[in-house]
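Engineer: Structure for the following, please:
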Amino acid sequence: MPRQVSGTVFMDAVDHESFGANETGKSTQTFSLVLTEGMPANRIDVKPLKVGGEVRVELEITAQAEADGVAKILGKAKLFEGASDDTDDLEEEQNVSFVIPKGGRPHEHHIELRSRGFGGGDSASITIVATNSIFEQE
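Structural biologist: Okay, here's the model as predicted:
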């Protein structure tokens with residue numbers, strides 16, 4: 001039976017400055033997909049958050065319907081910091097893996113990323129709030 005997975009991704013990031021005020025940024029993005037058991041995982045499109053010209057936060061995740069009606073979310077969260085927000089200088093990366101139970105109740109998953117290297121202090125917080133319901137065509 002097809003499942004509808006819908007949710008919101010909240011991203012907050014801080015570009016830590018040694019001198020002067022830190023720069024901050026926020027992003028709120030919504031998604032909605034229809035998943036069918038036995039089909040390949042669907043990519044959830046999340047635009048990167050760029051802050052202060054030096055920091056970029058990426059969330060690359062997919063959703064897949066499982067046999068028991070749950071939706072499985074897999075992917076990676078990444079924090080980059082460098083001379084520009086297009087840098088390849090990866091500060092931290094975390095695997096993302098969680099299940100959204102069936103039944104339509106909101107499920108929340110939280111991720112914290114932090115730059116721990118020289119000049120560290122940059123950080124990002126990602127919260128994914130999603131539901132998993134039976135898909136009903138209108």
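Engineer: Show the average pLDDT along stretch 45-57.
Structural biologist: The predicted model assigns stretch 45-57 a mean pLDDT of 96.
Engineer: which parts of it are buried?
Structural biologist: For stretch 45-57, the neighbour count (16 or more other Cβ atoms under 10 Å) marks V46, P48, L49, K50, V51, G52, E54, V55, R56, V57 as buried. Just so you know, the C-beta spots here come from the backbone N, C-alpha and C atoms, and that holds for glycine as well.
Engineer: okay, those residues in CSV with distance to R3 and secondary structure next?
Structural biologist: What follows is the buried residues of stretch 45-57, written out as CSV (distance: Cβ to Cβ, whole Å; DSSP: H, G, I helix; E, B strand; the rest coil):
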residue, distance to R3, secondary structure
V46, 20, coil
P48, 27, coil
L49, 28, strand
K50, 32, strand
V51, 34, strand
G52, 39, coil
E54, 39, coil
V55, 35, strand
R56, 32, strand
V57, 28, strand
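Engineer: Any chance of the residues you listed in JSON lines with distance to G69 as columns?
Structural biologist: Formatted as JSON lines, these follow (distance: Cβ to Cβ, whole Å):
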{"residue": "V46", "distance to G69": "24"}
{"residue": "P48", "distance to G69": "32"}
{"residue": "L49", "distance to G69": "32"}
{"residue": "K50", "distance to G69": "37"}
{"residue": "V51", "distance to G69": "38"}
{"residue": "G52", "distance to G69": "42"}
{"residue": "E54", "distance to G69": "43"}
{"residue": "V55", "distance to G69": "38"}
{"residue": "R56", "distance to G69": "36"}
{"residue": "V57", "distance to G69": "31"}
